[in-house]
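[1] what shape does this take:
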Amino acid sequence: MSKRGGVRNMTTGSPLRHILLFSLPLLAGNFLQQFYNMVDSWVVGNYVSDAALAAVGVGFPVLFLFSSLFSGIATGGTVVIAQALGAQKPERVQAAIGTLYTAFVRGILPITAAAVLLVRPLMVLLRVDPAAWAETRTYLLVVCAGIIGSIGYNLNAGILSGVGNSYATLLLLAVSTMTLVLAAGLGVLGVALGTVIAQACSWLFGIWYINRNYPALAIHPFSGIFDRKLFAEIIRIGLPSGLQMSLVALGAMFVLSKVNSFGKAFTAGFNVGNKLDTLAFLPTQSMAAAVISFVGQNMGAGQVDRAKRGTLISVGLAIGWTVFSSVLVVLFCDPLSRIFSPNSTVIAVSAVYLKTVMPPYFLFSTLFVLNSAMRGAGDSVYPMVNVVASVILIRVPALYLLADHLGPEYMFWSYGIGWVITCALSVYHYAAGKWLGKYRAD
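    Have a look, this model is predicted:
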């Protein structure tokens with residue numbers, strides 16, 4: 001493992017070793033994050049009600065919608081920082097960090113206000129079951145009012161990923177998990193408050209960690225440093241990613257709107273299945289994050305063949321893991337679902353979802369890793385178009401058609417339909433090599 005001043009240099013040495021060593025702390029951190037997401041579902045599903053379980057599930061895409069813009073900007077920051085690191089331009093890394101935080105300080109209040117004001121309209125759009133209305137409103141108001149912690153955490157994680165440090169991200173998530181578990185026994189309000197407090201503690205701890213361990217890259221949120229040219233480059237790379245995540249969240253809301261029309265038990269079952277498939281996907285998600293930094297650094301160093309080699313290794317690892325985990329989840333879907341709810345309807349819906357979605361999941365893993373490699377090279381427009389096509393243009397219409405004409409138990413085939421088409425397009429775009437021309441040295 002080669003490092004410079006505490007920063008992982010992925011331009012030399014074994015690509016497989018770098019990708020695994022970078023991915024494993026991210027994987028542990030993602031498991032922690034998913035663990036505290038599952039803690040809230042376990043608490044409300046077993047000790048409160050199915051309505052509360054549905055409320056927590058509805059909250060995720062809403063929160064994701066409002067945090068997506070800055071998450072995309074953080075991704076753009078990761079790429080710019082990684083490329084600058086590979087090109088050995090430390091001053092560009094420092095300027096990128098200052099620019100990211102200045103944008104954050106200027107934008108957080110309007111985003112928070114918009115999130116809180118749009119809670120009720122979004123609940124109407126989502127057709128929240130009247131039985132779950134009060135719990136859902138409480139949960140959304142609290143997590144939207146405290147969205148600063150979620151966005152701040154993502155910015156810190158983006159900075160650390162850009163300099164090749166994935167171990168610190170694990171520490172940030174450990175702080176979040178411990179804080180949440182302490183507040184998880186207070187029902188929906190407690191879970192919401194715990195989530196907000198955990199994210200805020202993780203964000204503040206991240207600032208302390210970066211300032212202590214990377215004094216040359218220290219974060220000064222109110223410094224006012226803002227490089228317009230650099231911000232334009234971050235936006236060029238990050239805005240498509242942010243828009244993609246926002247549109248994915250919007251697509252998830254359309255899916256939830258249809259799911260919610262079948263009652264709170266059906267919604268709770270869908271949310272349980274969704275949490276379990278997300279858990280199975282975490283290793284691929286971690287490898288994809290590693291690929292962004294790996295490709296970014298190697299493109300910055302002018303090592304295109306090495307960037308390609310690391311990408312193909314990651315695709316192979318992602319496919320192998322996804323096939324293995326899919327088999328396990330399908331075989332044990334009933335007992336896994338029973339962890340979150342004793343309700344037989346909830347368990348049955350979760351099982352239908354998992355048995356439908358998991359078999360074609362390897363297609364999603366493939367396109368996810370390839371799209372991440374393209375982002376690492378600076379091509380973020382095509383991945384955005386690809387994912388939006390999968391979620392908005394294909395999945396949502398197919399889901400509604402299947403639900404209306406064949407019944408709700410068939411609606412989840414829409415996931416696989418979208419992945420087949422967009423995976424083929426992603427493989428073609430990667431093989432054509434057009435993404436390689438998107439890197440900009442300055």
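
[2] CA only for contacts and neighbour counts going forward, please
    Noted.

[3] let me see the ranges of the strands in this structure.
    Per DSSP state E, the chain carries strands over the ranges 3-4, 7-8.

[4] for residue 81, give its distance to residue 87.
    Applying Cα to Cα, to the nearest Å, the value for residue 81 to residue 87 is 10 Å.

[5] these two - which one has more neighbours?
    When residue 81 and residue 87 are compared for neighbours, residue 81 comes out ahead with 32 against 19, by other Cα atoms under 10 Å.

[6] pretty sure the more buried one contacts residue 163?
    Yes. Between residue 81 and residue 163 there is a contact under Cα atoms under 8 Å: 6.7 Å.

[7] re the thing from before, return the member of the strands of the chain having the minimum mean pLDDT.
    Among the strands of the chain, strand 3-4 has the lowest mean pLDDT, at a mean of 43.

[8] which residues touch residue 321?
    Shown in contact with residue 321 (Cα atoms under 8 Å, 6 or more residues apart in numbering): 283-284.

[9] just the one 5 residues further on next, same as before
    For residue 326, the set of contacting residues under the criterion of Cα under 8 Å, 6+ apart consists of 280, 358-359, 361.

[10] residue 97 versus that one, what's the distance?
    Distance from residue 326 to residue 97, counting by Cα to Cα: 39 Å.

[11] just the buried subset of the contacts of residue 326, please.
    Applying 16 or more other Cα atoms under 10 Å to these, the neighbour count classes 280, 358-359, 361 as buried.

[12] in helices, which of those fall?
    The helices, defined by DSSP state H, take in 280, 361 from those.

[13] if I pick the residue lying closest to residue 246 once chain neighbours are set aside, what's in contact with it?
    Nearest residue to residue 246, sequence neighbours excluded (Cα to Cα, 6 or more residues apart in numbering): residue 65, at 4.8 Å. The contact partners of residue 65, taken as Cα under 8 Å, 6+ apart, are 245-247, 249-250.

[14] ok, residue 369 touching residue 288?
    Yes. At 4.9 Å, residue 369 and residue 288 qualify as touching, with contact defined as Cα under 8 Å.

[15] hmm, back to that, export the contacts of residue 326 to CSV and tack on distance to residue 193?
    Listed next are those as CSV, based on distance: Cα to Cα, whole Å:
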residue, distance to residue 193
280, 27
358, 33
359, 36
361, 34
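
[16] may I ask which two of those are separated the most?
    Largest separation among the contacts of residue 326 by Cα to Cα: 280 and 359, giving 12.1 Å.

[17] where are the low-confidence patches of the stretch 301-442 of the chain?
    Applying pLDDT under 70 to the stretch 301-442 of the chain picks out residues 437-442.

[18] quick one: the helices in it?
    Counting by DSSP state H, counting those that start in this stretch, the stretch 301-442 of the chain has these helices, from start to end: 304-331, 333-338, 344-357, 361-376, 381-388, 396-405, 413-432.

[19] residue 213: which of these is closest?
    Here helix 361-376 is closest among these (Cα to Cα), at 25.0 Å.

[20] between the closest one and helix 304-331, how many degrees?
    Put simply, helix 361-376 runs at 150 degrees to helix 304-331, going by axes from the mean of the first three to the mean of the last three Cα atoms, to 10 degrees.

[21] so what touches helix 361-376?
    79, 237, 281, 284-285, 287-289, 291-296, 311, 314-315, 318-319, 322-323, 326, 380, 383, 416, 419-420, 422-423, 426-427, 430, 435-436.

[22] for PyMOL, write the select line for the buried members of those residues.
    Per 16+ other Cα under 10 Å, the buried members of the contacts of helix 361-376 correspond to this PyMOL selection:
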select buried, resi 79+237+281+284+285+287+288+289+291+292+293+294+295+296+311+314+315+318+319+322+323+326+380+383+416+419+420+422+423+426+430+435+436
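
[23] now the residue nearest to residue 246: how far from residue 18?
    Taking Cα to Cα, one finds residue 65 at 32 Å from residue 18.

[24] so who does the nearest residue to residue 115 once chain neighbours are set aside touch?
    Closest residue to residue 115 apart from its sequence neighbours, by Cα to Cα, 6+ apart: residue 144 at 5.6 Å. Neighbouring residues of residue 144 by Cα under 8 Å, 6+ apart: 63, 112, 115-116.

[25] report pLDDT for residue 144.
    For residue 144, the model assigns a pLDDT of 87.

[26] repeat for residue 41
    Looking at residue 41, its pLDDT reads 58.

[27] same thing with residue 36?
    For residue 36, pLDDT reads 59.

[28] cool, residue 45 as well?
    55.

[29] export the contacts of residue 65 as JSON lines, with columns for pLDDT, distance to residue 330 and neighbour count.
    Formatted as JSON lines, the contacts of residue 65 follow (pLDDT from 0 to 100; distance: Cα to Cα, whole Å; neighbours: other Cα atoms under 10 Å):
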{"residue": "245", "pLDDT": "76", "distance to residue 330": "27", "neighbour count": "24"}
{"residue": "246", "pLDDT": "76", "distance to residue 330": "30", "neighbour count": "23"}
{"residue": "247", "pLDDT": "77", "distance to residue 330": "29", "neighbour count": "20"}
{"residue": "249", "pLDDT": "74", "distance to residue 330": "26", "neighbour count": "22"}
{"residue": "250", "pLDDT": "78", "distance to residue 330": "28", "neighbour count": "18"}
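
[30] which single one of these is nearest to residue 206?
    Closest to residue 206 out of those is residue 245 (23.2 Å), distances taken as Cα to Cα.

[31] so what's the closest one up against?
    The contact partners of residue 245, by Cα under 8 Å, 6+ apart, come to 64-65, 68-69, 72.
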